[in-house]
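Asker: quick one: sequence and predicted model below, then my questions.
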Amino acid sequence: MMIETERLILRPWKETDADVLFKYAGDPDIGPIAGWPPHTSVENSLEIIRTVFAAPETYAVVLKDTGKPVGSCGIMFSDSLHSADMKQGEAEIGYWIGKPYWGQGLIPEAVRALLARCFVGLALDTVWCGYYEGNNKSKRVCEKSGFRFHHTNRDIISPLGDRRTEHFYIMTKEDYNAIHIN
């Protein structure tokens with residue numbers, strides 16, 4: 001599956017992407033704020049491509065201009081790794097992008113494409129999006145993408161083992177249709 005937007009191609013990760021993945025995912029400003037450890041080597045990034053990024057609906061965020069991945073985004077379902085308390089017919093969108101590409105609107109563009117995939121292609125009822133307290137860039141992506149605040153979970157244990165506050169946003173099929181049909 002490949003999804004095209006104005007500036008991006010969302011495509012499955014390839015093993016040959018390991019070098020560029022490590023370049024961005026090894027940055028300590030990227031993973032920890034999202035709840036995952038920085039990649040430690042190209043081999044570590046390759047293993048992530050073979051395992052975590054091999055999940056269905058997980059995409060490399062590739063710039064059309066360069067053909068190179070600069071981040072990742074994906075749709076996580078109720079039967080896979082996710083943070084939101086989801087039911088059947090619901091999913092959670094996750095994303096990150098390399099620091100040189102912050103503030104360019106690339107992830108909101110990717111998220112809009114994933115929302116179309118969720119509601120039109122996969123006929124889901126609800127899509128969640130969450131972020132940890134302090135990750136204001138991720139909060140802005142939620143807001144720019146049309147999600148609305150739903151709830152906050154306090155004192156939860158993150159995948160890194162520390163205690164955090166996580167905020168959840170939601171979009172229903174009705175919300176999506178109101179934004180995209182009218």
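Answerer: Everything's here; your move.

Asker: quick one, phi psi at Glu92?
Answerer: phi -120, psi 140 (degrees, to the nearest 10).

Asker: surely it is in contact with Cys129?
Answerer: Yes: A contact is recorded between Glu92 and Cys129 when judged using CB atoms under 8 Å, the distance being 6.6 Å. Heads up, the C-betas are built off the backbone N, CA and C, glycines and all.

Asker: who has more neighbours out of the two?
Answerer: Set Glu92 next to Cys129 and count neighbours by other CB atoms under 10 Å: Cys129 wins out with 27 against 24.

Asker: work out for me the element that one sits within.
Answerer: strand 126-132 (DSSP states H and E).

Asker: helices and strands around the following helix or strand past that strand, which ones?
Answerer: Heading C-terminal from strand 126-132, the first helix or strand you meet, by DSSP H and E, is helix 136-144. Counting contacts by 3 or more CB pairs under 8 Å, 6 or more residues apart in numbering; DSSP states H and E, helix 136-144 is packed against helix 106-116, strand 126-132, strand 163-172.

Asker: all the strands of the protein, residue numbers only.
Answerer: Assignment of strands within the chain using DSSP state E yields the ranges 3-4, 8-11, 58-63, 69-77, 90-97, 126-132, 148-157, 163-172.
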